[in-house]
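In: have a look at this fold, sequence not included:
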């Protein structure tokens, strides 16, 4: 018997999506709303060719990304001065409070699994429009 009452495992079969503040559409996954999660959110995102997020940060939570297919470029830092290219099979970590802006410069969609340490995934998204013009790609 479990010593933790009222907890249960949950199977999530995504059936829809939602538009994130960042400008991408996400496939619903694990969250406080879908499963009762209290410390994590996980979802799928596909960045279409030429797709670009809005500059943003996640004020109070960390992000882990696994690239399943395609390639994305992410600019990050206080002035988006750093650049990293992630490809299928790569994992990428973004600490809480780190400004970033991902985009797809390729001709194929980029699909990724995203996990965050906030079960209310969109709650701590902070848009940073003042950084938008710093990335001209």
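Out: Cool, the structure landed. Bear in mind the structure is a predicted one, so any value in this text is a computation, not a measurement. Numbers count the residues shown, from 1 in each chain.
In: only C-alpha atoms for contact and neighbour calcs from this point on.
Out: Noted.
In: what pairs with the residue most central in space within the chain across the strands?
Out: For the chain, the residue nearest the mean C-alpha position is residue 114 (4.8 Å; C-alpha atoms, centre = their mean). Here residue 114 sits in beta bridges with residue 43, residue 65, going by DSSP bridges.
In: now residue 102
Out: Counting by DSSP bridges, the residues bridging with residue 102 are residue 74.
In: tell me the contacts of it?
Out: Going by C-alpha atoms under 8 Å, 6 or more residues apart in numbering, residue 102 touches 52-53, 72-75.
In: coming back round to it: do you know how far the residue nearest to the centre of the chain is from residue 66?
Out: 7 Å (C-alpha to C-alpha, to the nearest Å).
In: so where do the helices sit in the protein?
Out: For the chain, the helices defined by DSSP state H occupy 32-35.
In: which stretches of it aren't confidently modelled?
Out: Scanning the chain for pLDDT under 70 picks out 1-6, 121-122.
In: sorry, back to before: isn't the residue nearest to the centre of the chain right up against residue 45?
Out: Yes - Residue 114 is in contact with residue 45 according to C-alpha atoms under 8 Å; the separation is 7.4 Å.
In: give the burial count for residue 30, as a bare number.
Out: Other residues lying near residue 30 total 25 when counted by other C-alpha atoms under 10 Å.
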